[in-house]
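Enquirer: Pasting a predicted model and its sequence here:
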Amino acid sequence: MTPSPRPGLLRDRDFRLLFAATALGQLGDRVVFLALPLVALTALDADEFQIGLLTATTTAGSLLVGLPAGAWVDRVRRRPVLIGTDLARALVLLSVPAAWWAGVLTVPWLYAVALAHGLLGVFFDVSYASYLPRLVGRDRLLEGNSTLSAVRSVTSISGPALAGPLVGGLGAAPTLLASSAGMTASALLALAIRGREEKPRPAARPHLRRDVLEGLRFVLARPALRATVLGDALFNLFLAVYQTMLLVFLERRLGLGASGVGLILSGMGCGALLGALTATRLARRLGQGRVIWLAPLLTCPLTVLTPLAHPGGPGVYAAAAGLAALSFGGVVRVVAQSSFQQALTPDRLLGRMNATARFVSWGGLPLGGLLGGASGTAFGARATLWLAAAGMTLSFLPAALSPLRGMRATDCARGADGRP
């Protein structure tokens, strides 16, 4: 596909449809992020370890199908995968309110829903990241990623803000109907994209194991790409630990209700929106490589403000500011990093590169969920948040010690290490 010659990607009809689909799909996903754990906490009285296990099952898909998903996506058109996985996730989420109304909802049921939703999410995310370069062209990847990150950030604000009152008024389980509706609408908008996507030419004798290994070698043999995924892996491991206890800490230790938790998470969305609006400018001024390691170094330490907070005190506002800073740094890093990874990778390897990056980067998320639940049970939510804040801060090291350290945006097309 060729990008529109007109200035501004939002003037392109197909990109506008992808933009709108992203908005509605992400809105549904952000409601899930708040509502699913709250179903376990409020409707089923789950304990800390059960919340950790729920987090682990949500993210286990990357470990189970992450690498094969990339090899498979490289053999098919990406848009039908986006449509199919959105519709399937919508049906999976409908089962939660249905089971709740029938009086048969259990914590294991939530585990099953979280696992299915996560598995489908792997195929969606790998296809999405591989579809964007074909839709907008490689010369506009930074603009495309930044624009789509902006809409994700807006939904990070509106999703929890919408979910909080819905959970308070309807209950956590019925709120998942909104998530299902958002993903259905996302699929319908993606279906309306007109641009023709050519089916990738398969190898003479496709072989899953060989294709998977080719993707692994491509990423791990390049120092700059390897640094991005290793830094992500460390960050995401401790982010999962942090997030596992965050809702527990906010709801049970600070005494915030569903609406209060929604407002705190909306504040995180404000930080993410600011990050999306400034990411392109920062990447061009400082260099994409510098942004990738400076962002976590400067913003992750502020997450210690959350465990310092106490019920009813001003520390709650400081905690919200720290979480907003975490989101700001995360979005700035991801925009720079995603554009760099996509620009360095040939079309035929995009699916496998994205899947390999996701497998390595997100592979620790289930472990982080389990560690967060176990640590919360043994030491309490507050101590676990301290530990996770330190771990997230250390995630700057792989990029800072790699060829990414001083790269500027123009280096990405040539490759950080001189390799195509």
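Expert: The structure has been received and is ready for your questions. Numbers count the residues shown, from 1 in each chain.
Enquirer: residues near Glu198, how many?
Expert: 9 (other C-beta atoms under 10 Å). (Each C-beta comes from the backbone N, C-alpha and C, glycine too.)
Enquirer: Let me know how buried the closest residue to it other than its chain neighbours is, in neighbour terms.
Expert: Among residues not flanking Glu198 along the chain, Arg77 sits closest, at 7.8 Å (C-beta to C-beta, 6 or more residues apart in numbering). Using other C-beta under 10 Å, Arg77 has 16 other residues around it.
Enquirer: isn't Arg77 right up against Gly195?
Expert: No. Applying C-beta atoms under 8 Å, one finds Arg77 not in contact with Gly195, separated by 11.1 Å.
Enquirer: if I look at the residue nearest to Glu198, how far off is Lys199?
Expert: Arg77 is 5 Å from Lys199, where distance means C-beta to C-beta, to the nearest Å.
Enquirer: pLDDT-wise, which helix or strand of the protein ranks last?
Expert: helix 141-170 (a mean of 67; mean pLDDT, DSSP states H and E).
Enquirer: Can you give me the buried ones in the very next helix or strand once past it?
Expert: Counting by DSSP states H and E, the next helix or strand C-terminal to helix 141-170 is helix 172-191. By 16 or more other C-beta atoms under 10 Å, the buried positions in helix 172-191 come out as 172-187, 189-190.
Enquirer: cool, and stretch 240-252?
Expert: 240-251.
Enquirer: Tell me how far it lies from the chain's centre.
Expert: The chain centroid and the centroid of stretch 240-252 are separated by 17 Å, computed with C-alpha atoms, centre = their mean, to the nearest Å.
Enquirer: and what of stretch 24-36?
Expert: Put simply, stretch 24-36 sits 12 Å off its chain's centre (C-alpha atoms, centre = their mean).
Enquirer: any idea how far Gly144 lies from Ala295?
Expert: Using C-beta to C-beta, one obtains 20 Å as the distance from Gly144 to Ala295.
Enquirer: what about these two, which has more around it?
Expert: A side-by-side neighbour count of Gly144 and Ala295, using other C-beta under 10 Å, places Ala295 first with 28 against 25.
Enquirer: who's in contact with that one?
Expert: Going by C-beta atoms under 8 Å, 6 or more residues apart in numbering, Ala295 touches 329-330, 332-333, 336, 396.
Enquirer: tell me the pLDDT at it?
Expert: We note a pLDDT of 90 for Ala295 in this prediction.
Enquirer: Dihedrals phi and psi, it?
Expert: phi -60, psi -50 (degrees, to the nearest 10).
Enquirer: which sections of this structure are below the confidence cut-off?
Expert: 1-8, 138, 152-172, 200-208, 258-259, 406-420 (pLDDT under 70).
Enquirer: Could I get the full set of strands for it?
Expert: Using DSSP state E, the chain contains no strands.
Enquirer: what's the spatially most central residue of it in contact with, if anything?
Expert: For the chain, the residue sitting closest to the mean C-alpha position, by C-alpha atoms, centre = their mean, is Asp125 at 8.6 Å. Neighbouring residues of Asp125 by C-beta under 8 Å, 6+ apart: 354, 358.
Enquirer: Mind doing that once more with 10 Å?
Expert: By C-beta atoms under 10 Å, 6 or more residues apart in numbering, the contact set of Asp125 is 61-62, 66, 69, 82, 85, 354-355, 358, 362.
Enquirer: What is the burial count for Gly313?
Expert: 12.
Enquirer: mind checking how far it is from Ala400?
Expert: Taking C-beta to C-beta, one finds Gly313 at 35 Å from Ala400.
Enquirer: my guess is Val331 contacts Cys270, does it?
Expert: No. Applying C-beta atoms under 10 Å as the test, Val331 and Cys270 come out as separate, 11.1 Å apart.
Enquirer: quick one: which of these two has more around it?
Expert: Set side by side, Val331 and Cys270 show more neighbours around Val331, with 27 against 19, by other C-beta under 10 Å.
Enquirer: and the residue nearest to Pro366 when sequence neighbours are not counted, what does it touch?
Expert: Of all residues not flanking Pro366 in the chain, Ala56 sits nearest, at 4.0 Å (C-beta to C-beta, 6+ apart). Under the criterion of C-beta under 10 Å, 6+ apart, the neighbours of Ala56 are 63, 111, 114-115, 118, 240, 244, 365-373.
Enquirer: Return a ChimeraX selection command for the buried portion of the residues you listed.
Expert: To isolate the buried ones among the contacts of Ala56 in ChimeraX, judged by 16+ other C-beta under 10 Å, type:
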select :63,111,114,115,118,240,244,365,366,367,368,369,370,371,372,373
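Enquirer: Would you check which pair of the contacts of Ala56 lies furthest apart?
Expert: Taking C-beta to C-beta, the two most distant members of those are Leu115 and Leu371; they sit 18.5 Å apart.
Enquirer: And for Thr42, the neighbour number?
Expert: By other C-beta under 10 Å, the residues close to Thr42 number 16.
Enquirer: was I right about it contacting Leu105?
Expert: No. Using C-beta under 10 Å, Thr42 is not in contact with Leu105; the gap is 12.0 Å.
Enquirer: Find residues that contact each of the two.
Expert: Joint contacts of Thr42 and Leu105 (C-beta under 10 Å, 6+ apart) are Ala173.
Enquirer: ok, now which ones touch Leu24?
Expert: Leu24 is in contact with 86, 151, 155, 181-189, counting by C-beta under 10 Å, 6+ apart.
Enquirer: Neighbours of the nearest residue to Leu177 once chain neighbours are set aside, how many?
Expert: Of all residues not flanking Leu177 in the chain, Pro97 sits nearest, at 5.7 Å (C-beta to C-beta, 6+ apart). By other C-beta under 10 Å, the residues close to Pro97 number 20.
Enquirer: from now on call the first residue 841
Expert: New numbering, starting at 841: the last item is Pro937.
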